[in-house]
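J.: Kindly generate the corresponding structure for this input.
(one chain, ligands or ions: 1)
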Amino acid sequence: MAEKLTNHIFLSTIMNDIKKGIQYAFQTSNNMTLAMSGSGHTAMECAVFNIVEPGESVLVAINGIWGERVAEIAERMGAKVHTLFKTPGGHFTNAEIEQALAKHKPVLFFLTHGESSAGLVHPMDGVGDICHKYNCLLLVDSVASLGAAPILMDQQNIDILYTGSQKALNAPPGTAPVSFSERACHKMFNRKTKPVSYLLDMTHLSNYWGNDGKPERIYHHTGPVSGFFALRESLAIIAEMGLENSWSHHTEIAEYLWKGLEDLGLKLFIKDKDLRLPSVTTIAIPEGYDWKELLAYIMKHHRIEFTGGLGPSVGMVLRIGLMGYNCNKANAAMVLAALEDALKQCRKSKA
Ligand code: PMP
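T.: All right, here's what the predicted structure looks like:
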(Lines give C-alpha, C1' and ligand atoms only; values in the text may rest on other atoms or scores of the structure.)
Protein backbone atom coordinates (compact mmCIF):
# COMPACT_ATOMS: atom_id res chain seq x y z
CA MET A 1 0.00 0.00 0.00
CA ALA A 2 2.79 2.40 0.97
CA GLU A 3 4.55 1.59 -2.27
CA LYS A 4 1.36 2.20 -4.30
CA LEU A 5 0.87 5.55 -2.62
CA THR A 6 4.43 6.64 -3.43
CA ASN A 7 3.94 5.62 -7.06
CA HIS A 8 0.73 7.61 -7.21
CA ILE A 9 2.43 10.71 -5.82
CA PHE A 10 5.26 10.25 -8.29
CA LEU A 11 2.89 10.04 -11.28
CA SER A 12 1.05 13.16 -10.20
CA THR A 13 4.41 14.96 -10.06
CA ILE A 14 5.07 13.87 -13.66
CA MET A 15 1.61 15.08 -14.65
CA ASN A 16 2.20 18.43 -12.92
CA ASP A 17 5.49 18.79 -14.84
CA ILE A 18 3.66 18.01 -18.09
CA LYS A 19 1.14 20.72 -17.30
CA LYS A 20 3.95 23.26 -16.80
CA GLY A 21 5.65 22.09 -20.01
CA ILE A 22 2.46 22.51 -22.02
CA GLN A 23 1.87 25.96 -20.50
CA TYR A 24 5.30 26.96 -21.81
CA ALA A 25 4.90 25.34 -25.24
CA PHE A 26 1.46 26.95 -25.68
CA GLN A 27 2.55 30.24 -24.07
CA THR A 28 -0.39 30.22 -21.69
CA SER A 29 -1.02 30.55 -18.00
CA ASN A 30 -4.32 28.62 -18.20
CA ASN A 31 -4.90 26.41 -15.19
CA MET A 32 -7.01 24.02 -17.30
CA THR A 33 -4.03 22.57 -19.14
CA LEU A 34 -3.49 18.81 -19.48
CA ALA A 35 -2.66 16.00 -21.87
CA MET A 36 -5.33 13.75 -23.30
CA SER A 37 -4.87 10.00 -23.24
CA GLY A 38 -4.98 9.49 -26.98
CA SER A 39 -3.81 11.02 -30.25
CA GLY A 40 -4.58 14.47 -31.67
CA HIS A 41 -8.09 13.37 -32.64
CA THR A 42 -8.86 12.74 -28.97
CA ALA A 43 -8.14 16.37 -28.12
CA MET A 44 -10.18 17.47 -31.13
CA GLU A 45 -13.19 15.46 -29.94
CA CYS A 46 -12.66 16.46 -26.31
CA ALA A 47 -12.81 20.15 -27.25
CA VAL A 48 -15.95 19.86 -29.35
CA PHE A 49 -17.78 17.45 -27.02
CA ASN A 50 -17.15 19.56 -23.90
CA ILE A 51 -17.74 23.02 -25.33
CA VAL A 52 -20.73 22.43 -27.60
CA GLU A 53 -24.21 21.24 -26.61
CA PRO A 54 -26.57 19.60 -29.12
CA GLY A 55 -28.39 22.21 -31.20
CA GLU A 56 -25.78 24.93 -30.69
CA SER A 57 -24.22 26.64 -33.68
CA VAL A 58 -20.60 25.92 -34.62
CA LEU A 59 -18.52 27.53 -37.37
CA VAL A 60 -15.75 25.46 -38.94
CA ALA A 61 -13.09 26.78 -41.31
CA ILE A 62 -12.43 24.10 -43.91
CA ASN A 63 -9.34 24.48 -46.08
CA GLY A 64 -8.11 20.88 -45.91
CA ILE A 65 -8.90 17.65 -44.11
CA TRP A 66 -8.85 18.87 -40.49
CA GLY A 67 -11.77 21.26 -40.82
CA GLU A 68 -13.68 18.46 -42.56
CA ARG A 69 -13.02 16.20 -39.58
CA VAL A 70 -14.13 18.75 -36.99
CA ALA A 71 -17.29 19.52 -38.97
CA GLU A 72 -18.14 15.82 -38.96
CA ILE A 73 -17.38 15.42 -35.25
CA ALA A 74 -19.60 18.41 -34.40
CA GLU A 75 -22.37 17.15 -36.68
CA ARG A 76 -22.27 13.69 -35.07
CA MET A 77 -22.85 15.16 -31.62
CA GLY A 78 -25.81 17.16 -32.83
CA ALA A 79 -24.40 20.65 -33.34
CA LYS A 80 -25.68 22.99 -36.06
CA VAL A 81 -22.59 23.10 -38.25
CA HIS A 82 -21.79 26.03 -40.53
CA THR A 83 -18.69 26.09 -42.66
CA LEU A 84 -16.34 28.60 -44.19
CA PHE A 85 -14.74 26.96 -47.19
CA LYS A 86 -11.57 27.28 -49.31
CA THR A 87 -9.90 24.72 -51.51
CA PRO A 88 -6.63 23.33 -50.04
CA GLY A 89 -3.95 26.00 -49.86
CA GLY A 90 -6.46 28.80 -49.32
CA HIS A 91 -6.77 30.85 -46.15
CA PHE A 92 -9.42 33.08 -44.61
CA THR A 93 -9.19 36.83 -44.12
CA ASN A 94 -10.32 38.31 -40.82
CA ALA A 95 -13.11 40.10 -42.71
CA GLU A 96 -14.42 36.77 -44.05
CA ILE A 97 -14.28 35.26 -40.57
CA GLU A 98 -16.08 38.24 -39.05
CA GLN A 99 -18.84 38.15 -41.64
CA ALA A 100 -19.48 34.44 -40.96
CA LEU A 101 -19.45 34.96 -37.18
CA ALA A 102 -21.99 37.78 -37.49
CA LYS A 103 -24.20 35.63 -39.71
CA HIS A 104 -24.14 32.30 -37.85
CA LYS A 105 -23.55 33.44 -34.25
CA PRO A 106 -21.67 30.25 -33.32
CA VAL A 107 -20.60 29.32 -29.80
CA LEU A 108 -17.35 27.93 -31.25
CA PHE A 109 -15.15 28.72 -34.26
CA PHE A 110 -12.59 26.15 -35.39
CA LEU A 111 -9.42 27.00 -37.31
CA THR A 112 -6.38 24.88 -38.18
CA HIS A 113 -3.08 26.66 -37.50
CA GLY A 114 -0.85 24.20 -39.38
CA GLU A 115 -2.93 22.66 -42.18
CA SER A 116 -0.79 19.61 -42.82
CA SER A 117 -2.86 18.33 -45.76
CA ALA A 118 -2.12 21.56 -47.66
CA GLY A 119 1.15 22.76 -46.08
CA LEU A 120 -0.36 26.06 -44.94
CA VAL A 121 0.25 27.99 -41.74
CA HIS A 122 -2.82 30.12 -41.05
CA PRO A 123 -2.41 33.74 -39.88
CA MET A 124 -3.72 34.00 -36.30
CA ASP A 125 -3.46 37.69 -35.49
CA GLY A 126 -6.77 39.31 -34.66
CA VAL A 127 -8.85 36.12 -35.02
CA GLY A 128 -9.29 35.66 -31.26
CA ASP A 129 -10.38 39.27 -30.80
CA ILE A 130 -12.98 38.97 -33.56
CA CYS A 131 -14.36 35.77 -32.00
CA HIS A 132 -14.68 37.42 -28.62
CA LYS A 133 -16.44 40.41 -30.15
CA TYR A 134 -19.16 37.95 -31.24
CA ASN A 135 -19.13 36.03 -27.95
CA CYS A 136 -17.67 32.97 -29.65
CA LEU A 137 -14.87 30.72 -28.40
CA LEU A 138 -11.86 30.09 -30.65
CA LEU A 139 -10.64 26.49 -31.03
CA VAL A 140 -7.29 26.00 -32.80
CA ASP A 141 -5.56 22.83 -34.03
CA SER A 142 -1.76 23.06 -33.74
CA VAL A 143 -0.98 19.34 -34.13
CA ALA A 144 1.35 19.87 -37.09
CA SER A 145 2.64 23.33 -36.19
CA LEU A 146 3.47 23.45 -32.47
CA GLY A 147 7.20 24.00 -32.05
CA ALA A 148 7.64 24.64 -35.78
CA ALA A 149 5.72 27.91 -36.24
CA PRO A 150 4.84 30.54 -33.62
CA ILE A 151 1.54 30.19 -31.81
CA LEU A 152 0.91 32.21 -28.64
CA MET A 153 -2.24 31.05 -26.91
CA ASP A 154 -2.80 33.88 -24.42
CA GLN A 155 -1.53 36.71 -26.59
CA GLN A 156 -3.61 35.54 -29.55
CA ASN A 157 -6.72 35.08 -27.40
CA ILE A 158 -7.14 31.42 -28.30
CA ASP A 159 -9.70 29.70 -26.05
CA ILE A 160 -8.89 26.08 -26.73
CA LEU A 161 -5.61 24.91 -28.23
CA TYR A 162 -4.47 21.35 -28.79
CA THR A 163 -1.56 19.52 -30.35
CA GLY A 164 -0.18 15.99 -30.72
CA SER A 165 2.84 14.41 -29.07
CA GLN A 166 4.34 12.83 -32.17
CA LYS A 167 5.10 15.78 -34.45
CA ALA A 168 7.66 18.49 -33.60
CA LEU A 169 7.54 17.38 -29.95
CA ASN A 170 9.16 14.05 -30.93
CA ALA A 171 7.36 11.96 -28.33
CA PRO A 172 5.67 8.68 -29.24
CA PRO A 173 2.07 8.97 -30.43
CA GLY A 174 -0.65 8.53 -27.83
CA THR A 175 -0.87 11.73 -25.78
CA ALA A 176 -2.28 15.09 -26.84
CA PRO A 177 -1.70 18.37 -24.99
CA VAL A 178 -4.73 20.63 -24.69
CA SER A 179 -5.52 23.84 -22.83
CA PHE A 180 -8.76 25.73 -22.07
CA SER A 181 -9.10 29.44 -21.26
CA GLU A 182 -11.23 30.75 -18.37
CA ARG A 183 -13.96 31.63 -20.88
CA ALA A 184 -13.88 28.11 -22.29
CA CYS A 185 -14.06 26.66 -18.75
CA HIS A 186 -17.03 28.86 -17.93
CA LYS A 187 -18.91 27.52 -20.96
CA MET A 188 -18.01 23.85 -20.49
CA PHE A 189 -18.62 23.70 -16.74
CA ASN A 190 -22.03 25.42 -16.96
CA ARG A 191 -23.69 23.10 -19.46
CA LYS A 192 -27.30 21.98 -19.30
CA THR A 193 -26.48 18.55 -20.75
CA LYS A 194 -23.64 16.12 -20.09
CA PRO A 195 -21.02 15.73 -22.83
CA VAL A 196 -21.69 12.72 -25.08
CA SER A 197 -18.41 11.06 -24.04
CA TYR A 198 -17.75 9.84 -20.50
CA LEU A 199 -14.07 9.22 -21.21
CA LEU A 200 -13.53 12.74 -22.55
CA ASP A 201 -15.70 14.56 -19.99
CA MET A 202 -13.62 17.46 -18.70
CA THR A 203 -15.28 17.43 -15.26
CA HIS A 204 -13.56 14.08 -14.71
CA LEU A 205 -10.35 14.89 -16.60
CA SER A 206 -9.82 18.16 -14.74
CA ASN A 207 -9.88 16.20 -11.48
CA TYR A 208 -7.61 13.48 -12.88
CA TRP A 209 -5.08 16.20 -13.77
CA GLY A 210 -5.43 17.99 -10.43
CA ASN A 211 -6.88 21.10 -12.09
CA ASP A 212 -10.21 21.33 -10.27
CA GLY A 213 -8.89 22.52 -6.90
CA LYS A 214 -10.13 19.39 -5.09
CA PRO A 215 -7.66 17.85 -2.63
CA GLU A 216 -8.02 14.33 -4.05
CA ARG A 217 -7.46 12.99 -7.54
CA ILE A 218 -9.92 10.18 -8.14
CA TYR A 219 -9.38 7.29 -10.56
CA HIS A 220 -11.09 8.02 -13.87
CA HIS A 221 -9.24 5.91 -16.45
CA THR A 222 -5.83 4.30 -16.79
CA GLY A 223 -3.58 6.88 -18.40
CA PRO A 224 -0.86 5.94 -20.92
CA VAL A 225 1.82 6.26 -18.26
CA SER A 226 4.83 5.49 -20.45
CA GLY A 227 3.51 8.03 -22.95
CA PHE A 228 3.27 10.61 -20.14
CA PHE A 229 6.92 10.02 -19.17
CA ALA A 230 7.97 10.50 -22.80
CA LEU A 231 5.83 13.61 -23.19
CA ARG A 232 7.33 15.13 -20.06
CA GLU A 233 10.82 14.61 -21.50
CA SER A 234 9.91 16.02 -24.91
CA LEU A 235 8.41 19.13 -23.30
CA ALA A 236 11.55 19.53 -21.19
CA ILE A 237 13.70 19.32 -24.35
CA ILE A 238 11.73 22.01 -26.16
CA ALA A 239 11.80 24.22 -23.05
CA GLU A 240 15.58 23.81 -22.83
CA MET A 241 16.00 24.60 -26.52
CA GLY A 242 13.59 27.54 -26.30
CA LEU A 243 10.54 28.01 -28.52
CA GLU A 244 12.13 30.82 -30.54
CA ASN A 245 15.10 28.58 -31.37
CA SER A 246 12.83 25.72 -32.33
CA TRP A 247 10.78 28.00 -34.62
CA SER A 248 13.85 29.51 -36.30
CA HIS A 249 15.48 26.08 -36.71
CA HIS A 250 12.40 24.71 -38.51
CA THR A 251 12.26 27.83 -40.71
CA GLU A 252 15.94 27.60 -41.61
CA ILE A 253 15.70 23.94 -42.69
CA ALA A 254 12.42 24.53 -44.52
CA GLU A 255 13.94 27.44 -46.46
CA TYR A 256 16.89 25.26 -47.45
CA LEU A 257 14.46 22.58 -48.67
CA TRP A 258 12.25 25.09 -50.51
CA LYS A 259 15.24 26.55 -52.38
CA GLY A 260 16.46 23.06 -53.31
CA LEU A 261 13.02 22.10 -54.61
CA GLU A 262 12.79 25.26 -56.71
CA ASP A 263 16.29 24.60 -58.06
CA LEU A 264 14.98 21.21 -59.25
CA GLY A 265 12.33 23.10 -61.22
CA LEU A 266 9.50 22.12 -58.87
CA LYS A 267 6.67 24.47 -57.84
CA LEU A 268 5.80 24.86 -54.20
CA PHE A 269 2.06 24.50 -53.62
CA ILE A 270 1.85 27.47 -51.23
CA LYS A 271 3.14 30.42 -53.20
CA ASP A 272 3.38 32.97 -50.39
CA LYS A 273 6.44 32.06 -48.31
CA ASP A 274 4.90 33.56 -45.17
CA LEU A 275 1.98 31.14 -45.41
CA ARG A 276 4.11 28.00 -45.78
CA LEU A 277 4.10 25.57 -42.87
CA PRO A 278 7.78 24.92 -42.05
CA SER A 279 7.12 21.37 -40.79
CA VAL A 280 5.18 20.11 -43.82
CA THR A 281 6.20 21.22 -47.29
CA THR A 282 3.80 20.69 -50.17
CA ILE A 283 4.91 20.48 -53.79
CA ALA A 284 2.50 20.88 -56.70
CA ILE A 285 2.57 17.59 -58.61
CA PRO A 286 4.91 18.24 -61.54
CA GLU A 287 3.37 18.00 -64.97
CA GLY A 288 4.14 14.84 -66.91
CA TYR A 289 4.47 12.66 -63.79
CA ASP A 290 2.31 10.12 -62.01
CA TRP A 291 2.57 11.11 -58.32
CA LYS A 292 2.03 7.55 -57.09
CA GLU A 293 4.91 6.36 -59.24
CA LEU A 294 7.19 9.06 -57.83
CA LEU A 295 6.34 8.03 -54.25
CA ALA A 296 6.81 4.33 -55.00
CA TYR A 297 10.14 4.97 -56.75
CA ILE A 298 11.50 7.00 -53.84
CA MET A 299 10.38 4.37 -51.34
CA LYS A 300 11.88 1.52 -53.36
CA HIS A 301 15.19 3.10 -54.34
CA HIS A 302 15.84 5.55 -51.51
CA ARG A 303 13.87 4.07 -48.61
CA ILE A 304 12.24 7.41 -47.89
CA GLU A 305 8.52 7.71 -47.31
CA PHE A 306 7.07 10.68 -49.12
CA THR A 307 3.31 11.08 -49.08
CA GLY A 308 0.74 12.41 -51.48
CA GLY A 309 -2.12 14.64 -50.42
CA LEU A 310 -4.60 13.88 -47.66
CA GLY A 311 -8.39 14.20 -48.00
CA PRO A 312 -9.17 17.05 -50.40
CA SER A 313 -5.51 17.57 -51.37
CA VAL A 314 -5.10 14.04 -52.79
CA GLY A 315 -3.86 14.31 -56.38
CA MET A 316 -2.82 17.94 -55.85
CA VAL A 317 0.41 17.67 -53.85
CA LEU A 318 3.39 15.68 -52.71
CA ARG A 319 4.19 16.24 -49.02
CA ILE A 320 7.48 16.23 -47.14
CA GLY A 321 7.48 16.27 -43.35
CA LEU A 322 10.60 17.63 -41.63
CA MET A 323 9.85 18.27 -37.98
CA GLY A 324 11.41 17.88 -34.57
CA TYR A 325 14.28 15.43 -34.50
CA ASN A 326 14.18 14.66 -38.23
CA CYS A 327 14.29 18.34 -39.16
CA ASN A 328 17.91 18.81 -40.21
CA LYS A 329 19.94 19.75 -43.28
CA ALA A 330 21.24 16.22 -43.90
CA ASN A 331 17.69 14.86 -44.13
CA ALA A 332 16.60 17.75 -46.35
CA ALA A 333 19.57 17.08 -48.66
CA MET A 334 18.71 13.36 -48.76
CA VAL A 335 15.13 14.16 -49.73
CA LEU A 336 16.30 16.52 -52.49
CA ALA A 337 18.69 13.91 -53.93
CA ALA A 338 15.94 11.27 -53.91
CA LEU A 339 13.55 13.61 -55.71
CA GLU A 340 16.16 14.62 -58.28
CA ASP A 341 16.73 10.96 -59.10
CA ALA A 342 12.97 10.18 -59.19
CA LEU A 343 12.31 13.11 -61.52
CA LYS A 344 14.90 11.72 -63.95
CA GLN A 345 13.57 8.16 -63.80
CA CYS A 346 9.82 8.55 -63.66
CA ARG A 347 9.03 10.99 -66.48
CA LYS A 348 5.72 9.98 -68.01
CA SER A 349 6.29 11.43 -71.48
CA LYS A 350 7.67 8.03 -72.45
CA ALA A 351 4.08 6.69 -72.06
N1 PMP B 1 -4.53 17.89 -37.00
C2 PMP B 1 -3.47 18.02 -37.81
C3 PMP B 1 -3.13 19.36 -38.34
C4 PMP B 1 -2.68 16.89 -38.11
O5 PMP B 1 -1.63 17.03 -38.93
C6 PMP B 1 -3.03 15.65 -37.56
C7 PMP B 1 -2.21 14.40 -37.82
N8 PMP B 1 -1.61 14.32 -39.05
C9 PMP B 1 -4.15 15.57 -36.73
C10 PMP B 1 -4.87 16.72 -36.46
C11 PMP B 1 -4.60 14.28 -36.11
O12 PMP B 1 -3.69 13.85 -35.18
P13 PMP B 1 -3.57 12.30 -34.75
O14 PMP B 1 -3.18 11.54 -35.97
O15 PMP B 1 -2.50 12.36 -33.70
O16 PMP B 1 -4.90 11.90 -34.23
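J.: Let me know how buried the closest residue to the ligand within the chain is, in neighbour terms.
T.: Using CB to the nearest ligand atom, the single residue of the chain nearest to the ligand is G40, 2.6 Å away. C-beta: built from backbone N, CA, C; applies to glycine. Counted by other CB atoms under 10 Å, the residues lying close to G40 total 25.
J.: That one and L169 touch, don't they?
T.: No - look at G40 against L169 with CB atoms under 8 Å: they stay out of range, at 11.2 Å.
J.: Give me the distance between the closest residue to the residue of the chain closest to the ligand other than its chain neighbours and G311.
T.: Closest residue to G40 apart from its sequence neighbours, by CB to CB, 6 or more residues apart in numbering: G164 at 3.7 Å. To G311, G164 is 17 Å away according to CB to CB, to the nearest Å.
J.: The stretch 1-150 of the chain: strands as residue ranges?
T.: 32-37, 57-62, 80-85, 108-112, 114-115, 120-121, 137-141 (DSSP state E, counting those that start in this stretch).
J.: Quickly compare those strands and say which is most buried.
T.: Using mean count of other CB atoms under 10 Å, the stretch among these with the largest mean neighbour count is strand 114-115, at a mean of 31.
J.: is that strand up against the ligand anywhere?
T.: Yes - under the criterion of CB under 6 Å from any ligand atom, the ligand is reached by strand 114-115 at G114.
J.: who touches that strand?
T.: 63-64, 66, 88, 120-122, 141-146, 148-149, 277, 279-280 (CB atoms under 8 Å, 6 or more residues apart in numbering).
J.: show me which of those neighbour the ligand.
T.: Restricting these to those within reach of the ligand (CB under 6 Å from any ligand atom) leaves 66, 141, 143-144.
J.: interface residues of this protein facing the ligand?
T.: With CB under 6 Å from any ligand atom as the criterion, the chain meets the ligand at residues 39-41, 66, 112, 114, 116, 141, 143-144, 164, 173.
J.: Narrow these to those in helices?
T.: Counted as lying in helices by DSSP state H, out of these, are 40-41, 66.
J.: what sits up against stretch 210-217?
T.: 12, 15-16, 19, 31-34, 203, 206-209.
J.: roughly how far is that stretch from the heart of the chain?
T.: 28 Å (CA atoms, centre = their mean, to the nearest Å).
J.: Please identify the buried residues of it?
T.: Within stretch 210-217, the residues scored as buried using 16 or more other CB atoms under 10 Å are 210-212, 217.
J.: Can you pull up the most central residue in the chain?
T.: Residue closest to the average C-alpha location in the chain (CA atoms, centre = their mean): V143, at 1.8 Å.
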